[in-house]
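> structure for this input, please:
(one chain, ligands or ions: 1)
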Amino acid sequence: MAYENILVETHGKVGVVILNRPKALNALSKGLVRELAQALDAFEANPEIGAIVLTGSEKAFAAGADIKEMAAKSYMDVFMADFITVDWERASACRKPVIAAVSGYALGGGCELAMMCDFILAAENAKFGQPEITIGTMPGAGGTQRLTRFVGKSKAMEMCLTGRMMDAAEAERSGLVSRVVPVDDLKDEAIKVASRIADLSLPVVMMTKESVNRAYETTLSEGVRFERRIFHSTFATSDQKEGMAAFVEKRQPDFKNK
Ligand SMILES: CC(C)(O)CC(=O)SCCNC(=O)CCNC(=O)[C@H](O)C(C)(C)COP(=O)(O)OP(=O)(O)OC[C@H]1O[C@@H](n2cnc3c(N)ncnc32)[C@H](O)[C@@H]1OP(=O)(O)O
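Below you'll find the predicted structure:
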């Protein structure tokens, strides 16, 4: 498919989506978000793909929703279209793992998009923030909810109420990102981590992702019960037999995603 606002690559079993509106710092226009959803649909449907990387440019992962496109919208426009629902939530609905590789600005909807991914690798120049309040609005794609779960109430409240940006080191200290890497290594490192995941058993990877995500949605005892049931179900896969046999036989496993 031909895209105008994103680039799509495959590296072995890894699908890569690169946000590509350089003149607007990858502002998340309706067209860009639609294309992102289409690219994620295609990778999800492709049995050759085991993990997805979402990235932007060196200067910006994404500087938020497109303010120029949003500026004149009325309450009825945004309410009736349920603005920031359709297509925006596609990343959080992916069943395959999605890694955000963030260099430069991840602001507003850009920060929210990164937080919809399964984890965030950040370049040393990354800056995260929810500056919506400085333009007379507030986060609308999960920022007040996901940022609070990542970094706690105090930091999330300060960032959402003031628009202050967090640099990569602070984001790593606060648990927003899993790791910080040099700018020049970001894409390769993200593809390396994604390849490592994509070489594992896809159904078991998907079960594990679902179980970790359940921790955000339920009580500890329900979550532990859910985990145990899903763990039991891994024993219904041939990949569990292969993985454990390979360990015993001191060889590399050959997972078949079954
Ligand atoms: C999803 C929701 C509901 O949560 C809502 C949102 O996401 S609201 C958007 C939140 N984001 C912001 O408020 C960030 C806006 N951008 C900036 O503050 C700055 O651009 C910057 C600090 C990221 C970078 O500043 P600088 O290096 O000085 O570059 P600029 O000259 O400002 O920008 C270059 C170019 O990009 C356009 N741009 C940047 N961000 C956006 C945006 N979010 N929407 C539309 N366009 C954006 C900017 O206008 C410039 O283009 P030109 O005007 O020169 O054509």
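> for Ala100, which three-state class applies?
Put simply, Ala100 is strand when judged by DSSP: H, G, I helix; E, B strand; the rest coil.
> could you pull out the strands for the protein?
For the chain, applying DSSP state E gives strands covering 6-11, 14-19, 51-55, 60-62, 98-102, 105-107, 119-123, 127-129, 166-167, 179-181.
> make CSV out of those and add mean pLDDT.
Converted to CSV, the strands of the chain look like this (pLDDT from 0 to 100):
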stretch, mean pLDDT
strand 6-11, 98
strand 14-19, 98
strand 51-55, 98
strand 60-62, 98
strand 98-102, 98
strand 105-107, 98
strand 119-123, 98
strand 127-129, 98
strand 166-167, 98
strand 179-181, 98
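> TSV please, covering these and showing mean neighbour count.
In short, each C-beta sits where N, CA and C put it, glycine included. As requested, the strands of the chain are exported to TSV (neighbours: other C-beta atoms under 10 Å):
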stretch	mean neighbour count
strand 6-11	15
strand 14-19	23
strand 51-55	27
strand 60-62	28
strand 98-102	28
strand 105-107	27
strand 119-123	24
strand 127-129	25
strand 166-167	20
strand 179-181	18
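> among the ones you listed, which comes closest to the ligand?
Closest approach to the ligand among those is made by strand 105-107 (4.4 Å; C-beta to the nearest ligand atom).
> Ala45: which of the strands of the chain is closest?
Set against Ala45 and scored by C-beta to C-beta, the strands of the chain come closest in strand 14-19, at 10.7 Å.
> residues of the protein that sit close to the ligand?
Contacts of the chain with the ligand, taken as C-beta under 6 Å from any ligand atom, map to 24-25, 27, 63-68, 84, 105, 107-109, 112, 131-132, 135, 139-141, 143.
> buried ones among those?
24-25, 27, 63-66, 84, 105, 107-109, 112, 131-132, 139-141, 143 (16 or more other C-beta atoms under 10 Å).
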